[in-house]
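> 3D model of this:
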Amino acid sequence: MRALGRIALGLVLILGVLVAVILVRTVTFKPPGVADASAVKIAPAVTVDLTAAAQRLSQAVQIQTVSHQDRADDQPAEWIRLHDFLATAYPAAHAAMTREIVATNTLVYTWKGSDPSLAPVILMAHQDVVPVTAGTEGQWKHPPFSGAVAEGAVWGRGSIDDKGSLITLFEGLEGLAERGFKPRRTVIIVSGEDEETRGTGARAAAALLQSRGVKAQFVLDEGLAVVTGSPLGAKLALIGVAEKGYATLVVTARAAGGHSSAPPADGGGVVVLSRAVAAIADHGFPMEFRGPTAATLRSIAPRAPFLTRMAVANAWLFKPLLIGQLGASPSGAALLHTTIAPTMLRGSPKENVLPQDATAWINYRIAPGDSSAGVMAKARAAVGNLPVTLAWGETRVEPSAVSSTTSDGWKVLAAVAGQTTDAPVAPSLVTAGTDSRYLQPVASDVYRFQPMTFRVSETGMIHGTNEHLTLKNLEQSIQFYARLVATAAG
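Now for the predicted structure:
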């Protein structure tokens, strides 16, 4: 009995020590690797003529710079219209900067700073927009290219993505130029022509800057925003410090073909293909608590409820719980691993003909820390001896590097974002792709953030129906860009 008592006492002591360690780590937890930006001296707020700015965004939305998968469907004259509009609407900014056109219609502006020893900053916003899905036009409250200013917002395709950024950036630049602002640090604006499809414009701009030996302090492009009502917190400004890679795996099953009245024993190419696709999908990448997503949770933990803070501060113990909670939704799971999404199938051209080949396309969004080589190896292992071929599609982009959250550029960006949006700032991962990926060779750090506030439920309108930018977001974005340039380059 004495031995059992000693064992019980030992277990109690061990449990007590464990509880004490958990509580101490929780109370003393500070997010590692994220610099305090409170010491940054932020440029003061600017005066914004919101009515005039709304009208200019409205005019930009009416210019139909729609990027189609088939370039023959584009309207090249619309890009020229947009260029002419920008020059007319923002004369002071255009007088202060030099403008170059690369590729076909990509704009590169340079506002030369007085101190050439300072690395420039690069700000990005693309010109093109996605098409409106045929047959959905009647579902819009206001016609998708009307640029209607109504219900406290500017409505239309591109009002957020990404003419909202482009116009508010120029509004900020124009206000600074009108007031005689002279940057010490050079400011470069890159506005790609085809971000929504090929990205050729951003690649050309990057090549131009690289040829000139440009090495920017940081790049800022679209990507994430201020979100409210998410499981992460009531309001949070998420700045993308990395983005996932992109690749599409083409899986092909060859077959003899023939008449469907006499199918082969193995079921033919479609059956073989379906087994291969199912095998690949069933052998996915595990969800992991690492990288930018872990940094997000660590950043918000000091302000989070006690139990959340405890779990993050003691991830060595509660990691499965954190992964389970965040990974419960598709959008949350996407932050934790490389995703696998079969998207397209092709087989026989006729219902009673066995295909001579059946093909599937599987889209991957590759998380930082993984690679396309690793994805291919995993897919080959999954299909084993099945008689299929695996090959990459036309576009294959590796995941980006993870940008610093301790650099001077991060401190400035985080300080201005926090001040102008009145939200705590945290680094995070962009699960889609942006033009900024092509600028990595010419910058120390690449960040992805739109200074706009959305409820989680509102994000579906981007690339969807009833896209609109509220006047509050319009003003907030102008303030952000003006103050960012004045702070970073002043």
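> and the helices in the chain?
In the chain, the helices defined using DSSP state H lie at 2-27, 50-62, 76-89, 91-96, 163-178, 200-211, 269-282, 291-300, 306-313, 315-326, 330-334, 372-383, 408-421, 471-489.
> any stretches of this protein with poor pLDDT?
Scanning the chain for pLDDT under 70 picks out the ranges 1-2, 4-10, 12, 231-233.
> quick one, domains of it?
Following automatic domain parsing, one gets these domains for the chain: 50-241+400-489, 245-397.
> deepest-packed of these, please.
The highest mean neighbour count among the domains of the chain, using mean count of other CB atoms under 10 Å, belongs to domain 50-241+400-489: a mean of 20. The way it works is simple: take the backbone N, C-alpha and C, and place the C-beta from them, glycine included.
> circling back to that earlier point, let's have the helices of the chain in TSV, adding distance to residue 429.
Shown next, in TSV, are the helices of the chain (distance: least, CB to CB, whole Å):
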stretch	distance to residue 429
helix 2-27	25
helix 50-62	29
helix 76-89	31
helix 91-96	33
helix 163-178	20
helix 200-211	20
helix 269-282	22
helix 291-300	4
helix 306-313	16
helix 315-326	12
helix 330-334	9
helix 372-383	17
helix 408-421	15
helix 471-489	21
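> circling back: need the domains of the chain in a markdown table with distance to residue 19, can you?
Shown next, in a markdown table, are these (distance: least, CB to CB, whole Å):
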| stretch | distance to residue 19 |
| --- | --- |
| domain 50-241+400-489 | 26 |
| domain 245-397 | 11 |
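> which stretch among those domains comes nearest residue 23?
In terms of CB to CB, the element of the domains of the chain nearest to residue 23 is domain 245-397, at 8.0 Å.
> what's around the nearest residue to residue 313 once chain neighbours are set aside, how many residues?
Nearest non-adjacent residue to residue 313, counting by CB to CB, 6 or more residues apart in numbering: residue 29, 3.7 Å away. Using other CB atoms under 10 Å, residue 29 has 16 neighbouring residues.
> how much space separates residue 29 from residue 290?
Using CB to CB, to the nearest Å, residue 29 is found at 18 Å from residue 290.
> for residue 229, which of the helices of the chain is the nearest?
When the helices of the chain are compared by CB to CB, helix 330-334 sits nearest residue 229, at 13.2 Å.
> CA atoms of the closest one as CSV?
Extracted in CSV, the C-alpha atoms of helix 330-334 (Å, rounded to 0.1, in the frame of the first residue of the first chain):
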residue,chain,number,x,y,z
PRO,A,330,-11.8,23.9,-46.0
SER,A,331,-10.4,27.4,-45.8
GLY,A,332,-8.7,26.7,-42.5
ALA,A,333,-7.3,23.4,-43.6
ALA,A,334,-5.8,25.1,-46.7
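> quick one: that helix to chain centroid distance?
Chain-centre distance of helix 330-334: 14 Å, with CA atoms, centre = their mean, to the nearest Å.
> and that helix, what other elements does it pack with?
Using 3 or more CB pairs under 8 Å, 6 or more residues apart in numbering; DSSP states H and E, no helix or strand is in contact with helix 330-334.
> what lies in contact with it?
231, 287, 326, 327, 339, 365, 431 (CB atoms under 8 Å, 6 or more residues apart in numbering).
> now, which of those residues sits nearest residue 242?
Of all the contacts of helix 330-334, residue 242 sits closest to residue 431, with 10.2 Å by CB to CB.
> next up, the contacts around residue 431.
Counted by CB under 8 Å, 6+ apart, residue 431 has contacts 243, 244, 331, 334, 335, 339, 365.
> next, give me the two most distant ones among the residues you listed.
Maximum pairwise distance among those (CB to CB): 15.0 Å, between 243 and 331.
> hmm, back to that, tell me which of the domains of the chain lies nearest to residue 24.
Nearest to residue 24, of those and by CB to CB, is domain 245-397 at 9.3 Å.
> residue 479 and residue 45 touch, don't they?
Yes: applying CB atoms under 8 Å, one finds residue 479 in contact with residue 45, separated by 5.9 Å.
> can you list contacts of stretch 78-89?
With CB under 8 Å, 6+ apart, stretch 78-89 has contacts from 56, 59-60, 63-66, 94, 99, 101, 104-105, 107, 127-128, 170, 174, 193.
> distance from the chain centre to it, please.
26 Å.
> for residue 191, list each beta-bridge partner.
Residue 191 has these beta-bridge partners by DSSP bridges: residue 107.
> enumerate every residue touching it.
If a contact means CB under 8 Å, 6+ apart, then residue 191 has 106, 107, 108, 109, 124, 125, 126, 127, 166 as its contacts.
> residue 29 versus the fifth one, what's the distance?
According to CB to CB, residue 124 stands 35 Å off from residue 29.
> again with the last one
In this structure, residue 166 and residue 29 are 40 Å apart, going by CB to CB.
> so which of the contacts of residue 431 sit within strands?
Among the contacts of residue 431, the members falling in strands (DSSP state E) are 243, 339, 365.
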